[in-house]
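J.: below: sequence and its predicted model.
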Amino acid sequence: MEQPVISFKNFTFQYFSQAEPTLYDINLDIMPGEKILIVGPSGCGKSTLGHCLNGLIPFAYKGKITGSLTIKGKETKNESIFALSKNIGTVLQDSDGQFVGLNVGEDIAFALENDCIPLEEMRQRVNQVADMVDMKEFMGRSCQELSGGQKQRVSLGGVMVDDVDILLFDEPLANLDPATGKKAIELIDDIYRKTHKTCIIIEHRIEDVLHRDVDRIIVMDDGRILMDEPANEVLASNILIDHGIREPLYVTACKYAGITITPDMHAENIEKLNLLGNEEKLRSWYTKAAASPKEEAHDPLLEVKDLSFSYDGVVPVLKNVSFTVYEHEMLAIVGKNGAGKSTMSKIIVGFEKPDSGELILKDHNITDMSIKERGEVIGYVLQNPNQMICCTKIYDEVALVLRNQGLSEEEIRPRVEKALSICGLAPFIDWPVSALSYGQKKRVTIASILVLEPKIIILDEPTAGQDYHHYSEIMGFLRQLNQQGQTIIMITHDMHLMLEYTKRAIVLAGGHKIADTLASEVLINDEWIKEANLNKTSLYTLAHKAGIEDALGFIQTFIAWEEKTR
Amino acid sequence: MKTKLFSYSQLDTFIHRLSGLTKLICFLLLTTTVMLTFDIRIILGVMVLSLILFRVAQIRFSQVKVMFVFVLIFILTNFVLTFIFSPTYGVEIYGTEHILFVITERYTVTLEQLFYQMTKFSKYLSVIPLGCIFFFTTNPSEFASSLNNIGLSYKACSALSLTLRYFPDVQGDYHTISLAQQARGVEMSTKASVMTRLKNMVRILVPLIFSTLDRVELITNAMELRGYGKHKKRTWFSYKPLGKNDWLSIGVCLAIFLFTMYMRFFVTKSLFYNPFI
């Protein structure tokens, strides 16, 4: 019988810095040439499991191991991180941060450099690998100038050059726009098919990973393996949703319609999905698109007029973009990486000055206002809370902006308390920031902006890197805020977010505004999808499978249902 | 976006093609030459050469504008201070006195003093383009590989190349953080007092340090996972052995250096070139 390439036996791991083990009693065998997906909510131990495989545990992160983990028959704790790196290549989640080399060729070569391979041979092998990941033309290019998808190719090349047997992908889809994510999954699958290497993918965007087949899904929570079955079995159970992992949208829709998913329906992929006579259930669940419920007309709050911008005066980043933000609105600005959406937000908050065009806030021209003045009416929440938090105490952090305005402590205290209680952080008011989780830190940064009572809040990728549970928590909170009358603009490439939480979306592509419409309409329009690197929502395909012509109505039914059940 | 300091720009010119080591040696030779002489003929020669090289390297003035303005302010201040503190130094050196005009008895402007100060001024001015050329045309990894090759520890070399490589990123972080803090009313302009500004600097540095530490952890892991530090040495993908042009360049710079030394010890027989006798 074939020996497993990876074998966990009663494996338990506890970080020295933690009171409880992070992994409990793991028993898992992975055979050579298998393709495995490991899913689980944040903190479930899936990344720790990955670290155990590539040797960061126990060699970089120290802790106590009981039980055994063998890779190719060798006990890992008796090996070294270098010996392990010969067997298992890791592609980390943040491809920007993991580039060691300045240009593509150099980065791919890094593992060879450390092996003291002579220059001639190194050049040869780097060329081969670059060819395999289709990056040969970009050899001399700087890694930072590449697109998200190309960066991923380079990272993959960097581990393939060592001719490892196992490829480990740690959240490969984080930070990628939908179409690029889809291509990344295709790339992994192609390499897998060509080389027959064992592939392990750790990811929580399960619908995107399942775009190509996997052999098994391993579901983890609280440091334990809960399920280890083929994808169709996993999707036929309720285990994902019960443990805060997002199911594919079409699966959720089927469940709403009262369909019981069975393994023989093959719900792991929308193309393969067989409704087995349940079409009628979907048809009767869906209600025709109500001639889109007319929103009561709100007053315009912010008008962006004919905005153009370029960083270097040569390449335009935004070209004559105009749109209006209405009061009490929750608006999404979407588009692929580099479409100009972050630049747009920077101009709105005054970090950059537009080359031409105007910004009108409630009849006042704010184009020439300073950053500080602008900050009082338009708040900006950066993607990474660590880039915003500068005080050690939560109270001080939120009070900072008011203190800068020279208010007295008596005036400040009630306002800080109010902002914190809106953000659900009232009990933590005197806590140090370091005691909070990532999601809570995010809320602290939102509170530190809310305290000024700005007219508009702009959030840059509010849910980046969050699992479904934290995503729902943050978005639920933002929706609540919006219902209390706060105008919110979100910059995102998360299509679920746009679909579920915003009524209106503005689509940017190549610096132009290509659409300004209902969020649900964006994801069924082929032209916009293509231009903005988005993906057609699987709900659209599901509607077709059920014989429903009116996909828009179907999607709207879904969103309305989501809102009701939440 | 603002032009970034110390950012290597990838072009294909004669200067870019030279090895990093060559550029370091030439840079050191030429600057030492200029440091060791007060012969304005040589200094002007080096200045012309460095301006030509600046052109050859296709460095745009906009890239170095900020640096240039700072340096200019520095040397102009230096020029004025030299005159204030030692207005007769020129006369002492050259041993003659051609008075141009008199401000006060102590501050008499002489041709000698002016000549001395102009010499000093051109010394600084001829070195700056050389420094710029070095920073803008040297590929950090290639440079690190050359240093490693002449015997420096490879860990130190890798650290150097990573620092140069991540400098622009950290600079970008700083820019974003600083803007985000300004939006929250943190005053960074000259409107605030020095103490407040210092305090506000800290408000930017704290998040910067934390986000930089995140970066460091990530890159350390990424490097270890790809076998960094396995052996006592490593090879370099971007290593360029010294070519004909490298030896030629080093030769030319060495010749300039030796010629200067020859002039200094055998022809003018003094540190200074004296046109007044």
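T.: Happy to help now that I have it.
J.: local confidence estimate at residue B:193?
T.: pLDDT, residue B:193: 78.
J.: residue B:7 now?
T.: Note for residue B:7: predicted pLDDT of 59.
J.: how much space separates the nearest residue in space to residue A:54 that is not next to it in sequence from residue A:166?
T.: The spatially closest residue to residue A:54, leaving aside those adjacent along the chain, is residue A:90, at 4.5 Å (C-beta to C-beta, 6 or more residues apart in numbering or on different chains). Using the backbone N, CA and C atoms, a C-beta is placed for each residue, glycine as well. Distance, residue A:90 to residue A:166, by C-beta to C-beta, to the nearest Å: 9 Å.
J.: again, but for residue A:246
T.: Residue A:246 sits 27 Å away from residue A:166, taking C-beta to C-beta as the criterion.
J.: residue A:439 now?
T.: In this view, residue A:439 and residue A:166 are 32 Å apart by C-beta to C-beta.
J.: looking at these two, which one has more neighbours?
T.: For the pair residue A:439 and residue A:166, the greater number of neighbours falls to residue A:166 (23 against 18), based on other C-beta atoms under 10 Å in any protein chain shown.
J.: how far away is the more buried one from residue B:71?
T.: For residue A:166, the distance to residue B:71 (C-beta to C-beta) stands at 54 Å.
J.: same thing with residue A:229?
T.: In terms of C-beta to C-beta, residue A:229 sits 68 Å off from residue B:71.
J.: and the end-to-end length of stretch A:484-501?
T.: End-to-end span of stretch A:484-501 (C-alpha to C-alpha, to the nearest Å): 15 Å.
J.: my error: substitute stretch A:520-534 in the last question.
T.: 13 Å.
J.: cool, and stretch A:256-263?
T.: Stretch A:256-263 has an end-to-end distance of 18 Å (criterion: C-alpha to C-alpha).
J.: pLDDT of that stretch, averaged?
T.: If you average the pLDDT over stretch A:256-263, you get 92.
J.: likewise for stretch A:12-21?
T.: The model assigns stretch A:12-21 a mean pLDDT of 90.
J.: is chain B contacted by it?
T.: No - Stretch A:12-21 stays clear of chain B (C-beta under 8 Å from any C-beta of the partner chain), getting no nearer than 14.0 Å.
J.: now the stretch 401-550 of chain A against chain B: closest residue?
T.: For the stretch 401-550 of chain A and chain B, the shortest gap (C-beta to the nearest C-beta) falls at residue A:404, measuring 3.4 Å.
J.: three-state assignment of the residue nearest to that residue when sequence neighbours are not counted?
T.: Of all residues beyond its chain neighbours, the one nearest residue A:404 is residue B:185 (3.4 Å), with distances taken as C-beta to C-beta, 6+ apart. Here residue B:185 is recorded as coil under DSSP: H, G, I helix; E, B strand; the rest coil.
J.: got a pLDDT number for residue B:185?
T.: Looking at residue B:185, the pLDDT reads 82.
J.: touching, it and residue A:373? I think so.
T.: No - look at residue B:185 against residue A:373 with C-beta atoms under 8 Å: they stay out of range, at 9.5 Å.
J.: these two: which is more packed in?
T.: Higher neighbour count among residue B:185 and residue A:373: residue B:185, with 20 against 14, using other C-beta under 10 Å.
J.: distance of the more buried one from residue A:449?
T.: 11 Å.
J.: now do the shared contacts for these two.
T.: Here residue B:185 and residue A:449 share the contacting residues residue A:401, scored by C-beta atoms under 8 Å, 6 or more residues apart in numbering or on different chains.
J.: which SSE is the residue located most distally from the centre of chain B in?
T.: For chain B, the largest distance from the centre (C-alpha atoms, centre = their mean) belongs to residue B:105, which lies 38.8 Å off. Per DSSP states H and E: residue B:105 is located in neither a helix nor a strand.
J.: return the per-residue confidence for it.
T.: If you check residue B:105, the pLDDT there is 85.
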